[in-house]
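A.B. asks: sequence below, structure please.
(one chain, ligands or ions: 3)
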Amino acid sequence: MCGIFGIRSTPDAARLTQLGLYSLQHRGQESAGVAVVEPDGQAHIVRTMGTLSEGMARELEQLPGDMAIGHTRYSTAGSSTIENAQPIFVQSRGGYISLAHNGNLVNAVQVRAELEASGSIFSTNSDSEVIVHRLAKSHAPTPVARMTEALTGLEGAYSLVATIGRTLLAARDPRGWRPLVMGRLNGAVVFASETCALDIVGAVVEREVAPGEIVVVDDTGVQVIQALEARAPKKCVFEYVYFARPDSMVFGASVSRARRALGRQLAREHPAPTAELVFSVPDSSNSAALGFAEVSGLPYELALIRNHYVGRTFIQPTQAGRDAKVKVKYNPVREVIAGKSVVMVDDSIVRGTTTRGLVAMIRAAGAREVHLRVSSPPIKFPCYYGIDTPTRGELIAANLSQDEIARKLGVDSLGYLSLEGMLGAVPEGPDGFCDACFSGNYPTELPPDLQKC
Ligand code: 5GP
Ligand code: SF4
Ligand code: MG
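C.D. replies: Ligands and ions are numbered 1, 2, ... in the order given. Predicted coordinates:
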């Protein structure tokens with residue numbers, strides 16, 4: 001998963017982009033980057049591995065420009081290297097091109113093979129680079145025509161921002177898998193994955209970029225073009241479950257409200273009659289735990305504290321790194337837990353590694369009973385659309401029954417939200433969502449040679 005941001009028509013483009021990216025840091029911590037374009041078309045790129053840094057901010061301060069795009073990366077396709085850091089930045093006929101992509105293309109391998117057959121030389125192994133090659137190759141007369149040509153025939157998920165010369169473009173795939181919103185800041189136009197990034201720069205939300213649309217911003221103003229025909233919507237339901245920030249609106253609705261509704265439904269489906277209190281695994285399940293408390297009538301306690309100075313566990317590419325990180329990241333409040341029967345609410349279980357470590361920690365803190373409630377259904381299938389769920393072999397729910405999972409995690413009881421319960425609880429459900437990682441119902445064909453990193 002990744003976060004993207006774009007802005008045009010402000011003297012402060014680079015600084016505002018870095019600021020916006022700070023609010024999208026939760027969407028990716030492997031690398032970050034900003035591309036800046038000056039009024040005369042000169043352009044610059046600053047990229048770094050890891051999270052945004054003050055060093056990067058200082059570099060960006062030196063870079064003038066009235067237009068910029070930025071990216072926080074969480075690798076799905078392509079390895080975790082500086083070459084794969086985005087924005088992708090190239091010099092091409094007629095000026096610079098830069099591109100920041102959130103999502104995953106499912107036919108990138110074929111498209112890449114076609115491009116290579118006609119002479120393209122790739123410098124990364126990321127799926128996003130095929131879009132840049134197609135942009136560079138296109139002889140269409142306008143930036144939007146080039147973008148339309150580049151996107152035609154691509155299959156899978158993309159929300160993207162790009163600069164072609166002096167034009168800023170934002171585009172969203174025809175199924176609207178990933179969020180993308182547009183706002184205004186005085187005279188400037190701003191795009192971001194989530195509204196929390198508009199809030200931080202002081203921009204006002206105007207509209208979502210609709211599925212299949214390209215929004216073009218240049219000296220003549222803003223143009224919205226339905227470049228590709230919209231298809232049956234497949235918004236990623238996992239954005240509401242886990243990925244987006246609760247203070248954001250995604251897909252036009254509040255993430256906080258969605259999560260609370262998931263928690264309420266979870267309490268209806270899987271009450272915990274013997275429990276005395278409920279707590280969340282911070283931060284992503286705070287709102288769901290509140291919803292659970294509301295319906296169950298149990299007190300909501302802060303029983304687990306998260307260290308914010310350690311990155312997300314999953315960001316560690318190796319299993320050994322993940323195990324060690326659980327302890328570094330969370331610590332229980334013994335005072336609250338000791339002697340109690342507790343409900344621990346988490347938003348999802350992927351491999352089960354973190355959860356098992358947490359349960360052991362809660363028991364060691366003196367809990368009498370641990371009832372685990374999960375505000376999404378069992379994840380049984382990998383995601384091919386931009387979230388880095390692992391292969392089936394590593395997904396605990398793909399391999400074990402619920403009883404086996406409960407035993408493996410060491411809990412007294414386990415309750416997962418049902419698929420119907422989840423889809424019924426999210427805003428504008430139950431239709432229009434992708435739920436493939438839960439249901440196996442993939443909206444696209446999956447090419448056999450798909451890279452699943
Ligand atoms: P597990 O027990 O599967 O090792 O980890 C479950 C935890 O990982 C949950 O707290 C959930 O919030 C979090 N999680 C779920 N999906 C993702 C993801 O795509 N990336 C990261 N970093 N964490 C995730
Ligand atoms: Fe989202 Fe799951 Fe669909 Fe991936 S498979 S896009 S995580 S709902
Ligand atoms: Mg979590």
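A.B. asks: pLDDT value on T313, please?
C.D. replies: We have a pLDDT of 46 for T313.
A.B. asks: and the residue of the stretch 1-150 of the chain nearest ligand 1?
C.D. replies: Going by Cβ to the nearest ligand atom, ligand 1 is nearest to M1 of the stretch 1-150 of the chain, at 6.6 Å. All C-beta atoms are positioned from the backbone trio N, CA, C, and that covers glycine.
A.B. asks: cool, the stretch 101-250 of the chain as well?
C.D. replies: Y242 (4.9 Å).
A.B. asks: phi, psi for that residue please.
C.D. replies: Dihedral angles of Y242 (phi, psi; degrees, to the nearest 10) stand at phi -140, psi -50.
A.B. asks: any idea how far it lies from ligand 3?
C.D. replies: Applying Cβ to the ion, to the nearest Å, the value for Y242 to ligand 3 is 7 Å.
A.B. asks: correct me if wrong: that residue contacts S348.
C.D. replies: Yes - counting by Cβ atoms under 8 Å, Y242 touches S348, with 5.4 Å between them.
A.B. asks: tell me which of those two has more neighbours.
C.D. replies: S348 (25 against 20; other Cβ atoms under 10 Å).
A.B. asks: mind checking the SS state of that one?
C.D. replies: coil (DSSP: H, G, I helix; E, B strand; the rest coil).
A.B. asks: for it, what are its contacts?
C.D. replies: F238, V241, Y242, V374, S375, S376, I379 (Cβ atoms under 8 Å, 6 or more residues apart in numbering).
A.B. asks: which among the residues you listed end up buried?
C.D. replies: Neighbour-count burial (16 or more other Cβ atoms under 10 Å) applied to these gives F238, V241, Y242, V374, S375, S376, I379.
A.B. asks: if I read this right, the second one contacts I349, doesn't it?
C.D. replies: What it means is V241. No - between V241 and I349 there is no contact under Cβ under 8 Å: 11.4 Å.
A.B. asks: got phi/psi on the residue at the greatest distance from the centre of the chain?
C.D. replies: Distance from the centre of the chain peaks at G339, with 37.9 Å (Cα atoms, centre = their mean). As for G339, its main-chain torsions (degrees, to the nearest 10) stand at phi 80, psi 0.
A.B. asks: mind listing what it touches?
C.D. replies: Contacts of G339 (Cβ under 8 Å, 6+ apart): G366, A367, R368.
A.B. asks: could you report the neighbour count for the closest residue to the residue of the stretch 1-150 of the chain closest to ligand 1 other than its chain neighbours?
C.D. replies: Among residues not flanking M1 along the chain, Y74 sits closest, at 4.7 Å (Cβ to Cβ, 6 or more residues apart in numbering). Y74 has 22 neighbouring residues, counting by other Cβ under 10 Å.
A.B. asks: same thing with the one 10 residues further on?
C.D. replies: Burial of N84, expressed as a neighbour count using other Cβ under 10 Å, amounts to 22.
A.B. asks: also A293?
C.D. replies: 23.
A.B. asks: per-residue pLDDT, the closest residue to ligand 3 within the chain?
C.D. replies: Here the chain gets closest to ligand 3 at one residue, S284, 4.0 Å apart by Cβ to the ion. Per-residue confidence (pLDDT) for S284: 94.
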